[in-house]
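Peer 1: here is a sequence together with a model predicted from it:
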Amino acid sequence: MNCFSVKRLSIFVDGNNMFYAQQKNGWFFDPRRVLDYFTTNEPYLQLMNAFWYTGLKDSQDQRGFRDALISLGYTVRTKLLKEYYDDVSGRYSQKANLDIEIVVDMFNTVEQYDRVVLFSGDGDFERAIELLRSKNTHITVVSTEGMIARELRNATDRYIDLNDIRDKIEKVDG
């Protein structure tokens with residue numbers, strides 16, 4: 001592979017994890033600007049896949065947003081939220097864990113890319129990232145301070161804090 005060969009990129013967005021990261025930062029990113037940022041800054045880079053994973057209250061939840069993601073070229077994976085009782089807080093909470101779906105898609109499409117951008121701070125991805133790196137895949141993880149697991153940050157080739165690229169990916173009204 002010479003230095004001018006095309007690199008193939010896949011993007012995986014853990015939507016629920018990123019929702020909380022953006023909420024913590026006090027600003028939200030634009031899914032279109034995310035694709036633009038990672039595909040226009042580097043010559044000889046071809047976007048192969050972009051996946052977005054999110055939990056839903058019901059089948060109509062986030063319908064407009066999901067349709068917009070699909071029109072931008074994302075493959076959207078969903079799962080219905082499940083309710084859990086937290087013994088410590090005494091409260092019910094809802095969660096849709098899509099980690100398995102993300103890892104399955106990463107490995108099911110592994111022949112299609114050389115580079116991965118994973119939007120998540122979840123330490124559960126550590127082993128999957130290690131295995132992908134052993135296949136000479138370059139891994140970039142995007143998250144934010146206080147929400148990136150040390151294990152995940154340690155396993156990746158490159159870490160980008162959302163706040164460092166805010167001006168390139170922030171959702172702007174208009």
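Peer 2: That came through, no problem. Being a predicted model, the structure only gives us computed values, none of them experimental.

Peer 1: residues near Ser121, how many?
Peer 2: If you look again at residue 121, you'll see it is Gly, not Ser. 24 (other CB atoms under 10 Å). In this view, the C-beta of every residue, glycine as well, is placed from N, C-alpha and C.

Peer 1: for the residue lying closest to it once chain neighbours are set aside, which residues are in contact?
Peer 2: Counting by CB to CB, 6 or more residues apart in numbering, Gly121 lies nearest to Ser143, which is 3.5 Å off, once chain neighbours are set aside. Neighbour list for Ser143: Asn17, Ala21, Phe119, Ser120, Gly121, Leu152, Tyr159, Asp161, Leu162 [criterion: CB atoms under 8 Å, 6 or more residues apart in numbering].

Peer 1: quick check: phi and psi on Ser143?
Peer 2: The phi and psi values for Ser143, taken as degrees, to the nearest 10, are phi -160, psi -150.

Peer 1: direction included, what does the host helix or strand of Gln94 pair up with?
Peer 2: Using DSSP states H and E, Gln94 sits in strand 91-95. Sheet partners assigned to strand 91-95 using DSSP bridges are listed as strand 82-86 (antiparallel).

Peer 1: now tell me what touches the strand it pairs with from outside.
Peer 2: Under CB under 8 Å, 6+ apart, the answer for strand 82-86 is Arg91, Tyr92, Ser93, Gln94, Lys95, Ala96.

Peer 1: pull out the buried positions in that strand.
Peer 2: If you call a residue buried by 16 or more other CB atoms under 10 Å, then strand 82-86 has no buried ones at all.

Peer 1: same thing with stretch 67-81?
Peer 2: Within stretch 67-81, the residues that count as buried by 16+ other CB under 10 Å are Leu69, Tyr74, Val76, Arg77, Thr78, Lys79, Leu81.

Peer 1: what is the burial count for Asp58?
Peer 2: For Asp58, using other CB under 10 Å, the count is 9.

Peer 1: let me know the closest of the buried residues of stretch 67-81 to Thr39.
Peer 2: Of all the buried residues of stretch 67-81, Thr39 sits closest to Tyr74, with 13.0 Å by CB to CB.

Peer 1: got the contact list for the closest one?
Peer 2: Counted by CB under 8 Å, 6+ apart, Tyr74 has contacts Val13, Pro31, Ala50, Phe51, Trp52.

Peer 1: 10 Å instead?
Peer 2: Contact analysis of Tyr74 by CB atoms under 10 Å, 6 or more residues apart in numbering lists 11, 13, 15, 31-32, 34-35, 49-53, 66, 68.
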